[in-house]
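Enquirer: Fold the following for me, if possible:
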Amino acid sequence: MSLKTVHIIFITASVLLAVGFGLWALNHYATAGSIGYLLTGILSVVSGVVLVVYGKRFLQKLSHISYL
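Expert: Next up is the predicted model:
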């Protein structure tokens, strides 16, 4: 397994974790009403989107390197 493949796996896991945590925090904000949960949820979802953009640019930059 190449370093490129490992990097893609970690980016994917980070996106899923950030978006999942953000959705959990936003759901908790809907029930609890604490502004801290709202800010945490928004920042986590934005971080997930930024990681997706980073992953796309990473794949474009290293498109000439194989996955193996």
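Enquirer: show me the contacts for the residue nearest the centre of the chain.
Expert: Within the chain, the residue whose C-alpha comes closest to the C-alpha centroid is V15; the distance, by C-alpha atoms, centre = their mean, is 2.0 Å. Residues in contact with V15, defined by C-beta atoms under 8 Å, 6 or more residues apart in numbering, are G48, L51, V52, G55. Quick note: C-beta positions are derived from backbone N, CA and C, even for glycine.
Enquirer: Give me the local confidence score for it.
Expert: Looking at V15, its pLDDT stands at 98.
Enquirer: I'd like the distance between it and G33.
Expert: As for V15, its distance to G33 is 28 Å (criterion: C-beta to C-beta, to the nearest Å).
Enquirer: For L59, give me its contacts.
Expert: Taking C-beta under 8 Å, 6+ apart, one finds I8 in contact with L59.
Enquirer: buried ones in the helix or strand it falls within?
Expert: Counting by DSSP states H and E, the secondary-structure element that holds L59 is helix 35-61. By neighbour count on 16 or more other C-beta atoms under 10 Å, the buried set for helix 35-61 is Y37, L38, T40, G41, S44, V45, S47, G48, L51, V52, G55.
Enquirer: May I have the secondary structure class of S63?
Expert: For S63, the reduced secondary structure class is coil; criterion used: DSSP: H, G, I helix; E, B strand; the rest coil.
Enquirer: Name the spans of the protein whose pLDDT lies under the cut-off.
Expert: For the chain, the stretches with pLDDT under 70 are 68.
Enquirer: Counting residues, name the longest helix you see in this structure.
Expert: The residue-count maximum for a helix in the chain (DSSP state H) belongs to helix 3-32.
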